[in-house]
Every structure is written in structure tokens, then in C-alpha cells.
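*Asks:* just to be clear, the model below is a prediction. Sequence and coordinates:
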Amino acid sequence: METKRYIGIDLHRNCFTACVRLENGRNYLSEWKLEDLPRFAKKLRGSDEVAVEMTGNTRFFHEAVAPHVARFVAVDPNQFQVISHSVKKTDPNDARNLALYLAKDLLPEVRIKDKTEAQIASLTQTRDTLVKLRTALKNKINNILSAHGIPVAKEALSSDKALKAVLEMPFDEMVAIELQVIVEQIRALHQSIAKLEQTIKERGQQLKGHHNLTSIKGIGSLGASILLSVIGDIHDFADEGKLAAYFGIVPRVQNSNETERSGRITKRGSKLGRTTLVQCALIAKRYSPYLARYYDQIKSRRGGGKAIIALARKPRHHLSDLKERLGIRRFLELCSGGGGLNAGPDGMLDTARRTRAR
């Protein structure tokens with residue numbers, strides 16, 4: 001019978017340190033070049049467990065190692081602060097700590113999404129970066145015009161016609177050159193963002209649940225692709241509350257003794273996913289009188305910011321109602337592509353009522 005081994009890996013771009021910990025507590029350290037990863041994988045056993053901190057090339061390491069071991073753990077470095085706060089920050093010590101806490105099953109684990117989801121997620125992050133850069137450049141143009149006494153609304157610079165009009169304005173030579181360079185960059189970003197969005201829409205259709213999400217009013221092909229790339233495997237979430245917490249749209253809670261306090265939303269998880277969810281909710285209320293009334297009621301009492309988050313959380317309760325009628329297994333099938341939701345947010349409630357009537 002093979003001895004159980006727990007292997008901690010301190011991974012770098014071109015090398016890694018491995019610490020093999022046996023059940024009797026003995027540690028064996030070794031240094032490896034990243035180019036020798038196939039040879040390292042051949043030395044692994046089917047009963048081994050491997051732990052690696054989540055870094056830029058962890059997926060590459062996972063694809064080479066995971067098929068050869070019983071368990072592969074990607075560790076969240078933000079939650080596992082034994083290494084980051086250690087006063088002895090060396091590669092062997094880091095690998096030794098990973099192996100030790102892996103043996104005790106005390107490591108905070110990170111999900112590793114499949115290849116398609118990870119690639120789409122990378123595209124969406126690149127698009128988000130370019131959109132923010134484009135916004136910054138538009139703000140720069142707005143600042144220049146404002147400094148010369150020309151007030152222009154920010155949204156007025158969204159069209160190519162408006163950018164052309166800016167270049168035709170009479171300015172000093174240096175200001176004109178600056179504006180010309182900025183406008184050229186904005187136009188180039190327009191093309192790059194459009195190309196990324198087209199790819200995200202096309203590739204996103206391959207994800208499970210894409211058709212179901214796009215059947216909900218307010219969620220288009222781009223929004224559905226972003227949300228699914230953020231969510232990953234829907235079966236990783238026990239219920240809709242866990243999913244809402246993953247998006248960071250649940251309130252902070254502090255309960256101690258007889259004191260109970262609820263604060264602002266946590267804003268944990270993917271900011272891009274949370275922003276997309278809010279934008280989809282704002283679009284959905286245009287088509288649903290029910291959601292529009294709900295948004296206006298919250299806004300009149302608590303303000304627009306809280307109303308937007310409440311609106312983003314509202315479809316979650318519709319899904320919860322549907323889940324209670326159909327059962328958790330059917331609910332997960334709907335989210336993962338096993339059935340259609342050919343209705344808007346109000347339509348989901350109608351579906352639940354028809355199910356209850358049967």
C-alpha cells in the first residue's frame with residue numbers, strides 16, 4: 001500500500017520548490033525548473049495531494065499535474081496569510097507550510113474554472129480595462145474643453161461625429177495635437193472593444209445556461225457571457241443566497257451577543273460581474289412594470305444606490321420561488337442548460353404560479 005503524500009508547491013514563473021510531506025511528518029524538499037514539469041508529473045502517485053498558491057501560471061501547472069494525483073488544491077493567497085505574513089519568507093518554508101496545512105485540510109481553496117470559461121473571463125477583463133481607458137480619455141477631452149470654457153456633457157463624446165467636431169474646434173497648436181492623439185486612441189479603442197465583444201458573444205454561446213440567461217429580458221448575449229464566465233459551474237453554489245454572496249450584493253452582518261447589525265453590501269467577488277448584474281437589472285426594469293415599481297418604491301425610501309442593488313437582487317428571489325416549486329435539482333438544471341426560461345422577470349413568476357396550480 002502506497003504511503004499518503006502531501007505535496008506543497010511554491011510556484012514561480014521559471015521554477016518551483018516542492019515539499020513532500022509523509023504521514024509520519026517527514027518532509028523532503030526538491031528544486032525544479034518549470035521546463036522539467038513533465039518529468040516531475042511522472043514521479044507523482046495517484047494517491048498524492050498537491051497544493052499550490054493561485055498565481056498567473058497556476059492553471060498551466062494544474063493541467064500538467066491534476067490528472068496524476070487524487071486531489072489538486074489551488075490556494076487563495078488573500079485568505080491564507082501564513083505565507084504572506086511569515087517572518088521567514090523563503091521558498092522551502094513556503095512549500096513546507098503548504099504541505100503542512102494541506103495534510104491538516106486547512107487550506108482555503110479557490111475554484112479552477114474550465115478552459116473555455118477562463119478564456120472568456122480573460123477576454124472580459126481585457127475589455128473592461130480598455131473600456132475604462134476609453135472613459136479616462138473621454139474625461140480628458142472633457143477637461144480640456146472645460147478649461148477653454150466649452151461645457152460638453154460626457155455622453156456627448158460617445159459618437160465619432162462628436163469626436164470629429166472636437167478636432168475641428170480652433171485651439172492652440174499644442175492643444176490641437178493633444179486632442180488629435182487622444183481622439184485617435186479613442187477610435188482605436190472603439191475597434192478593439194468591438195472586436196472583443198464580438199468574440200465574447202460568439203464564444204459565450206458555448207457556455208451552459210447561455211440560452212436560458214438571454215431568454216430573460218435585460219440580459220443580452222454579452223451580459224450572459226460575462227455572468228457565466230464569472231459564475232463558472234453553477235453546482236458550486238448550494239442556493240441562490242450563496243450565489244448572491246459570491247457577487248458581493250449581500251449586506252455585511254455583525255452579530256455579537258445580543259447585538260445584531262447589518263451594513264452595506266460586502267462588494268466581495270468579481271466587481272465586473274457585480275457591475276454587469278446591476279446593468280442588466282436596470283435594463284430589465286424598462287421592460288417590466290413590476291420591477292420599475294419596485295425600483296421606484298425603494299428609491300423613494302432609501303435612495304437610488306440602494307434601489308439599484310435591491311433591483312439586482314430581485315431576480316434572485318424569482319429564481320428562489322421557482323426553485324421551491326421545481327426542486328433544487330431542476331433549478332440547477334435550468335441554470336446549467338437543462339431547460340429554458342422563455343420569459344422575462346414577470347414571466348418567471350407566472351411560470352411558478354402555473355407550476356403551483358398543477
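*Replies:* Sure thing, it's come through. Numbers count the residues shown, from 1 in each chain.
*Asks:* low-confidence stretches in the protein?
*Replies:* By pLDDT under 70, the low-scoring segments of the chain are 1, 314-358.
*Asks:* can you do 50?
*Replies:* For the chain, applying pLDDT under 50 flags the ranges 316-336, 339-358.
*Asks:* distance of residue 153 relative to residue 131?
*Replies:* With the distance defined as C-beta to C-beta, to the nearest Å, residue 153 ends up 19 Å from residue 131. C-beta here means a position set from N, CA and C on the backbone, and glycine is covered the same way.
*Asks:* looking at these two, which is more packed in?
*Replies:* residue 131 (14 against 9; other C-beta atoms under 10 Å).
*Asks:* secondary structure element for the more buried one?
*Replies:* In this assignment (DSSP states H and E), residue 131 forms part of helix 115-147.
*Asks:* run through who's touching the helix or strand just after that helix.
*Replies:* Downstream of helix 115-147, the first helix or strand assigned by DSSP H and E is helix 160-167. Here helix 160-167 makes contact (C-beta atoms under 8 Å, 6 or more residues apart in numbering) with 141, 145, 156-157, 176, 179-180, 183, 186-187, 190.
*Asks:* flag every buried residue along helix 160-167.
*Replies:* Buried residues in helix 160-167, counted by 16 or more other C-beta atoms under 10 Å: 162-163, 166.
*Asks:* distance from that helix to the middle of the chain?
*Replies:* Centre-to-centre, helix 160-167 and its host chain are 35 Å apart (C-alpha atoms, centre = their mean, to the nearest Å).
*Asks:* between helix 115-147 and that helix, find me the angle.
*Replies:* Between helix 160-167 and helix 115-147, the angle comes out at 40 degrees (axes from the mean of the first three to the mean of the last three C-alpha atoms, to 10 degrees).
*Asks:* okay, the angle between the helix or strand that helix 160-167 is followed by and helix 115-147?
*Replies:* Scanning forward in sequence from helix 160-167 by DSSP H and E, the next helix or strand is helix 173-204. Put simply, helix 173-204 runs at 160 degrees to helix 115-147, going by the same axes, to 10 degrees.
*Asks:* pull out the buried residues from helix 173-204.
*Replies:* So, applying 16+ other C-beta under 10 Å, buried residues of helix 173-204: 179, 182-183, 186, 189, 193, 196-197, 200-201, 203-204.
*Asks:* next structured bit after it?
*Replies:* helix 210-214.
*Asks:* helices or strands up against that following helix?
*Replies:* In terms of contacts (3 or more C-beta pairs under 8 Å, 6 or more residues apart in numbering; DSSP states H and E), helix 210-214 is packed against helix 221-231.
*Asks:* for the helix it packs on, enumerate the helices and strands it packs against.
*Replies:* Using 3+ C-beta pairs under 8 Å, 6+ apart, helix 221-231 sits against helix 115-147, helix 173-204, helix 210-214, helix 240-247, helix 271-287.
*Asks:* could those go into JSON lines alongside distance to residue 45?
*Replies:* As requested, those are exported to JSON lines (distance: least, C-beta to C-beta, whole Å):
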{"stretch": "helix 115-147", "distance to residue 45": "26"}
{"stretch": "helix 173-204", "distance to residue 45": "37"}
{"stretch": "helix 210-214", "distance to residue 45": "39"}
{"stretch": "helix 240-247", "distance to residue 45": "34"}
{"stretch": "helix 271-287", "distance to residue 45": "38"}
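*Asks:* please tell me how far residue 39 sits from residue 68.
*Replies:* Computed as C-beta to C-beta, the residue 39 to residue 68 distance reads 12 Å.
*Asks:* neighbour-wise, which of the two wins?
*Replies:* It is residue 68, of residue 39 and residue 68, that has more neighbours when counted by other C-beta under 10 Å, with 16 against 10.
*Asks:* and the more buried one, what does it touch?
*Replies:* 41-42, 44-46, 48.
*Asks:* ok, 10 Å please
*Replies:* By C-beta atoms under 10 Å, 6 or more residues apart in numbering, the contact set of residue 68 is 40-46, 48, 50.
*Asks:* scan those residues and report the most crowded one.
*Replies:* Neighbour counts for the contacts of residue 68 (other C-beta under 10 Å) peak at residue 50, which has 26 neighbours.
*Asks:* ok, and the closest non-adjacent residue to that residue?
*Replies:* Spatial nearest neighbour of residue 50, excluding adjacent residues (C-beta to C-beta, 6 or more residues apart in numbering): residue 7 at 4.7 Å.
*Asks:* dump the residue contacts of that neighbour.
*Replies:* Counted by C-beta under 10 Å, 6+ apart, residue 7 has contacts 18-21, 28, 30, 40, 44-45, 48-52, 65, 69, 72, 95, 98-99, 102-103.
*Asks:* at 8 Å what do you get?
*Replies:* The neighbours of residue 7, taking C-beta under 8 Å, 6+ apart as the test, are 18-21, 44, 48-51, 69, 99, 102.
*Asks:* quick revisit: quick one: which of the contacts of residue 68 is nearest to residue 239?
*Replies:* Residue 239 lies nearest to residue 50 out of these, by C-beta to C-beta, at 30.6 Å.
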